[in-house]
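Trainee: Structure, please.
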Amino acid sequence: MHTALFMLSSEQGCTHTCLQYAYVSEARHIAGLLLIAFSMWLTVPTQQGSAGLMLVLVSSAALFPLCYLHSAFHSSASFPCPGPKFSVFPPITKNTPWPSPDADKGSPAATNTTSVSLLLDNMSRVLSVDHAKYQMRVQAGMLLSSMLKEASSANMSVPLGCLPSFGDLTLGGVLATGAHGTGYNTTSTLGDIVAEITWVDGGGAEHVSPRNSTAGQALVAGLGVAGIVTELLLQLQPQSHTQVDTRYKVWDGNLLADVKQMLKETPHVLIVWRPDLRQYTSHMTKQVDVSVPKLGGILDLLLPRIAAEALGWSLAAWQADRDDKLPLTAVPILAAVHEISVGHVLANLYNGQKMFAGAGDTNDMQVASCGNKCLWDMGANIAMDDVHLSIELNGLGDWIQDVQQVISADLWDNGRKRHRFLSPGYFWFRFGHGSGDFLSHTSGMKSPVHVQLSFMKALHNPLVPSKYGWVLDILEQLTLCKYRARPHWGKNHQRTFTHPSCHVKDRLPLWDQMMAFKATTDP
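Mentor: Numbering: from 1, shown residues only. A predicted model of the protein is given here:
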């Protein structure tokens, strides 16, 4: 059993002392951490035989933001988890100095702590399995990819559409940010398969709440504002297979009509669009019986180090050529654009060939992972710039036309620079349903479409902006303001949530209910 562990460190680039993280493995450890309000000490209850009681001095003059996450991922906007840029990657040493209980309350150690991050990496176990009810109780720090493997081991399937496509996220983080898969007015979020939530409130009390309770509405997509989720009871299904059908590199001139037709065939549709190439590729999936032969599974996001480094340097060279005077720098980037977006397929056959159509185990067809071999781990020195906004389906046609007009006028300079294209990346369309969760970015919506703009930027010279990045900036503001879009809590830039005219709060009809519930759980 792991003891909760605190690290207090002044790192390079951090001008204040930061209570950087705490590893926890039990809900009762978290209960001790939440005695923060106007308190001078944080106490962590530990098990008999462990290291004993740990005390960490914090300021008695202020409340502290407290967030929960895992050590390999952090939100791109700072407000969900305030703190220094590298606050979740501190050095781990046994000799880190601790502030004395006799320390002056005005000392830096007492007054300059700004936030607390709880890392739930150790809370990653299956707690129980009910085969008769197809239910599994798991801890919130478990990765999606691990949960799918556990479901397979229990001869169950996770319902199609409820998970984001990246498997290295935690269940607690996915639930707290309202992250989603794709399912038009059907199962499309993790919250859709949660039956019960175990959580700890701001006073340290532990609760077990049904998903359809007021607490459930506050905790799902609630950013941890009302409390910290520690366990989830998941409602799974009997084993199934999932059929995929790919429409590959289709001309986008009839995109809206094509979208409507695909949604008639299956609610689980993912569309990858490149308006600068005038092409899209769609992946349509649906669950089928296990009698349908399985031919393959979803592709993991792996790239050899030499290829990752080559991509990073090629992108940096093309990005630095702001005036398009070195056309050869565009050649490898254009190849990457195709491969990463419309040229990418969802799954591989067991023989390694691309699977454009066929079936696989449902648990093998939902997420892609890369573990510690992701692009950013393999020397690419590349960042992914994410804009993720949700609009109503009845506005999608106008939005598509607006995007095409911006590409024509601003990227192609009204046809005079037709050779130009955006960075490697993609426009994604996924589909969902309206929500009754208080802070969900789909609360009160009818038929949301999640439009995501994800594009690479080389970091070799951070002062060089993303090439043609102003086009994406225009589309971000146009979508947010003209289409009254809802931003995803776990993505986007700080500016998305702080626009001076297009206020996110005004688009959340259940905001007051959330604040009322928070007042009862957070001292």
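Trainee: Is the nearest residue to Ala154 once chain neighbours are set aside within a helix or a strand, and which one?
Mentor: The shortest distance from Ala154 to any non-neighbouring residue, by Cβ to Cβ, 6 or more residues apart in numbering, is to Val129 (5.1 Å). For the C-beta atoms, the positions are set from N, CA and C on the backbone; glycine is no exception. According to DSSP states H and E, Val129 maps onto strand 126-130.
Trainee: Which elements pack onto that strand?
Mentor: Other helices and strands packing on strand 126-130, by 3 or more Cβ pairs under 8 Å, 6 or more residues apart in numbering; DSSP states H and E, are strand 135-139.
Trainee: Buried residues in the strand it packs on, which are they?
Mentor: Using 16 or more other Cβ atoms under 10 Å as the test for burial, strand 135-139 gives 135-139.
Trainee: Listing request: residues of this protein with sub-threshold pLDDT.
Mentor: 1-76, 78-117, 523 (pLDDT under 70).
Trainee: List the contacts of stretch 344-353.
Mentor: Outside of stretch 344-353, the residues within contact range by Cβ atoms under 8 Å, 6 or more residues apart in numbering are 244, 246, 248, 270, 272, 281, 283, 285, 295-299, 354-356, 358, 360, 365.
Trainee: Of the buried residues of strand 135-139, which pair is most distant in space?
Mentor: Greatest spatial distance among the buried residues of strand 135-139 (Cβ to Cβ): Gln135 and Gln139, at 14.8 Å.
Trainee: Now for Phe356: which residues touch it?
Mentor: By Cβ under 8 Å, 6+ apart, the contact list for Phe356 reads 245-246, 248, 345.
Trainee: ok, and the most crowded of these?
Mentor: With neighbours set by other Cβ atoms under 10 Å, the maximum within the contacts of Phe356 is found at Thr246, which has 19 neighbours.
Trainee: Hmm, Ala357 and it touching each other?
Mentor: Yes - the pair Thr246 / Ala357 is scored as a contact, 6.4 Å apart, by Cβ atoms under 8 Å.
Trainee: Would you list the phi and psi of Ala308?
Mentor: Phi and psi for Ala308, reported as degrees, to the nearest 10, are phi -60, psi -50.
Trainee: Next up, the contacts around it.
Mentor: Ala308 is in contact with 375, 378-380, counting by Cβ under 8 Å, 6+ apart.
Trainee: try Val158
Mentor: Contact partners of Val158, counting by Cβ under 8 Å, 6+ apart, are 147-148, 151, 193, 234, 236-237, 362-363, 366.
Trainee: Nearest to Gly434 among those residues?
Mentor: Distances from Gly434 to those, taken by Cβ to Cβ, are shortest for Ile193, at 17.3 Å.
Trainee: what sits against the closest one?
Mentor: Taking Cβ under 8 Å, 6+ apart, we find Ile193 in contact with 158-159, 162, 187, 234-236.
Trainee: and the end-to-end length of stretch 214-234?
Mentor: The straight-line separation of the ends of stretch 214-234 (Cα to Cα, to the nearest Å) is 18 Å.
Trainee: can you give me the end-to-end distance of stretch 208-222?
Mentor: Length of stretch 208-222, first residue to last, Cα to Cα: 16 Å.
Trainee: same question, stretch 229-248
Mentor: From its first residue to its last, stretch 229-248 covers 40 Å (Cα to Cα).
Trainee: quick one: buried residues of that stretch?
Mentor: 229-237, 239-246.
Trainee: that older thread, for Gly415, state which of the contacts of Phe356 is nearest.
Mentor: Distances from Gly415 to those, taken by Cβ to Cβ, are shortest for Tyr248, at 27.4 Å.
Trainee: any idea which helix or strand comes after the helix or strand harbouring that closest one?
Mentor: Per DSSP H and E, Tyr248 falls inside strand 241-251. Next along the chain after strand 241-251, taking DSSP H and E as the criterion, comes helix 255-265.
Trainee: helices and strands around that next one, which ones?
Mentor: strand 241-251, strand 268-274, strand 279-288, helix 396-406.
Trainee: if you compare the ones you listed, which one is most tucked away?
Mentor: Most buried of these, by mean neighbour count (mean count of other Cβ atoms under 10 Å): strand 268-274, with a mean of 23.
Trainee: Can you list the strands that it pairs with?
Mentor: Using DSSP bridges, the strands paired with strand 268-274 in its sheet are strand 279-288 (antiparallel), strand 425-431 (antiparallel).
Trainee: closest to Leu119 out of these?
Mentor: With respect to Leu119, and counting by Cβ to Cβ, the nearest of those is strand 425-431 at 28.7 Å.
Trainee: buried set for that closest one?
Mentor: If you call a residue buried by 16+ other Cβ under 10 Å, then strand 425-431 has these buried ones: 425-431.
Trainee: To Met456, which of the helices and strands packed on helix 255-265 lies closest?
Mentor: For Met456, the closest of the helices and strands packed on helix 255-265 is strand 268-274, at 13.4 Å, according to Cβ to Cβ.
Trainee: Run through who's touching that closest one.
Mentor: 160-161, 165, 181-184, 186, 252, 255, 259, 262-263, 279-286, 337, 341-342, 344, 346, 422, 426-431.
Trainee: The residue nearest to Ala154: neighbour count?
Mentor: So Val129, with other Cβ under 10 Å, has 18 neighbours.
Trainee: So in terms of bridging, what pairs with it?
Mentor: Met136.
Trainee: Touching, it and Met136? I think so.
Mentor: Yes - assessed by Cβ under 8 Å, Val129 is found in contact with Met136 at 5.2 Å.
Trainee: shared neighbours of the two, which are they?
Mentor: Ala154.
Trainee: thinking again about what came up before, how far off strand 135-139 does the strand holding Val129 point, in degrees?
Mentor: Put simply, strand 126-130 runs at 170 degrees to strand 135-139, going by axes from the mean of the first three to the mean of the last three Cα atoms, to 10 degrees.
Trainee: all numbers from here: first residue = 18
Mentor: In the new count, where the first residue is 18, that last one comes out as strand 143-147.
Trainee: what's in contact with strand 143-147?
Mentor: So strand 143-147 is contacted by 152-156, 159, 167, 171, 248 (Cβ under 8 Å, 6+ apart).
Trainee: Buried residues in it, which are they?
Mentor: Going by neighbour count (16+ other Cβ under 10 Å), the buried part of strand 143-147 is 143, 146.
Trainee: Equivalent analysis for stretch 472-482, please.
Mentor: For stretch 472-482, by 16+ other Cβ under 10 Å, it's 472-476.
Trainee: any idea where the helices of the protein begin and end?
Mentor: Remark: helices assigned in the chain by DSSP state H are 44-50, 125-128, 161-170, 188-194, 231-236, 272-282, 322-337, 347-357, 413-423, 486-499, 511-514, 528-538.
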